[in-house]
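*Asks:* what follows is a predicted structure for the sequence shown.
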Amino acid sequence: LGKAPFRNCDRLRSILVDPNNQNYKSIDGILFSNDLQTILRYPCKKEEDSYVIPESVTTIGASAFEHCTFLEEIDIASSVGFIGNSVFYYCSNLKSIIVNPNNSKYSSVDGILFSKQLEKLICYPAQHEGISYHIPSTVGSLSKSCFANCMSLKVITIPSSIISIANRSFAYCTSLQAIEIPSSVTSIGNKAFSGCS
């Protein structure tokens, strides 16, 4: 299977894998690598509102939870050492991402996903409470789609520690009224403010 399998399959409820398949495995309709170390795709229309990533998982594949509109909370295990791009893109009801405190690569503050030392903001959940947010001064870069579809945010404050803004970082933040880009920013990715109507 290639990168981001079953992306945009918006009605997909379950993925089943033949037990004899040597490369992939399915648990409760969720697609994993056969060794259960990589979660590849959580079906978009699986109706649970929360999911705890198993301790066997070390990698969350690119777009693995993209368009999963039922999920409100995701718990990331201590074993996870790599999270791909746009993993939580358009999880329109996501309120909180919780990271096991023993995880050595990632952390969460008030349900917002960061790298361990808070130097990179990875995902601000689309339904996180509040209409304004001040990005911590420890943050130097923003991940792809990190604020995408946060439709309630009106004001986002970017600190002078930020060097780069990735692709689609603020895409479809439709309520956004004001944002100031500090002089420290040296690059702004494609479609960073796309759909900020």
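*Replies:* That came through fine. Numbers count the residues shown, from 1 in each chain.

*Asks:* center of the chain, which residue is that?
*Replies:* Geometric centre of the chain, nearest residue: F88, 3.1 Å, by C-alpha atoms, centre = their mean.

*Asks:* how many other residues sit next to S107?
*Replies:* Each residue near S107 was counted by other C-beta atoms under 10 Å, and the total is 18. Placement of C-beta: from N, CA and C, glycine included.

*Asks:* which residues touch the lowest-mean-pLDDT helix or strand in the chain?
*Replies:* Averaged element by element with mean pLDDT, DSSP states H and E, the chain has its least confident helix or strand at strand 178-180 (a mean of 91). Under the contact criterion C-beta atoms under 8 Å, 6 or more residues apart in numbering, strand 178-180 has outside partners 154-158, 170, 193.

*Asks:* buried residues of it, list them for me.
*Replies:* Residues of strand 178-180 classed as buried: I179 (neighbour count, 16 or more other C-beta atoms under 10 Å).

*Asks:* sheet partners, orientation included, of that strand?
*Replies:* Counting by DSSP bridges, the strands paired with strand 178-180 are strand 155-157 (parallel).

*Asks:* just the residues contacting the strand it pairs with, thanks.
*Replies:* Under the criterion C-beta under 8 Å, 6+ apart, residues 131-135, 147, 170, 173, 176-180 lie in contact with strand 155-157.

*Asks:* what does stretch 25-34 give?
*Replies:* Stretch 25-34 is contacted by residues 5-6, 13-17, 21-24, 36, 38-43, 46, 54, 57 when judged by C-beta under 8 Å, 6+ apart.

*Asks:* and that stretch, what's buried?
*Replies:* Neighbour counts using 16+ other C-beta under 10 Å place 25-26, 30-33 of stretch 25-34 among the buried residues.

*Asks:* quick check: closest non-adjacent residue to the residue nearest to the centre of the chain.
*Replies:* Spatial nearest neighbour of F88, chain neighbours left out: C123 (4.8 Å); criterion: C-beta to C-beta, 6 or more residues apart in numbering.

*Asks:* ok, that neighbour - how many residues close by?
*Replies:* Residues contacting C123 under the criterion other C-beta under 10 Å number 28.

*Asks:* partners of it in the sheet?
*Replies:* Where C123 sits in a bridge, its partners, by DSSP bridges, are L113.

*Asks:* could you export stretch 16-27 as PDB, CA atoms only?
*Replies:* Once side chains and other backbone atoms are set aside, the C-alpha atoms of stretch 16-27 remain, and they are given as PDB (Å, rounded to 0.1, in the frame of the first residue of the first chain):
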ATOM      1  CA  LEU A  16     -10.500  -5.900   7.000                       C
ATOM      2  CA  VAL A  17      -7.300  -7.800   6.200                       C
ATOM      3  CA  ASP A  18      -7.000 -11.400   5.300                       C
ATOM      4  CA  PRO A  19      -5.400 -13.200   8.300                       C
ATOM      5  CA  ASN A  20      -2.900 -14.800   5.900                       C
ATOM      6  CA  ASN A  21      -1.600 -11.400   4.800                       C
ATOM      7  CA  GLN A  22       2.100 -11.100   5.800                       C
ATOM      8  CA  ASN A  23       2.300  -7.300   5.600                       C
ATOM      9  CA  TYR A  24      -0.900  -5.800   7.100                       C
ATOM     10  CA  LYS A  25      -3.200  -6.500   9.900                       C
ATOM     11  CA  SER A  26      -6.700  -5.200  11.000                       C
ATOM     12  CA  ILE A  27      -7.800  -4.700  14.600                       C
END
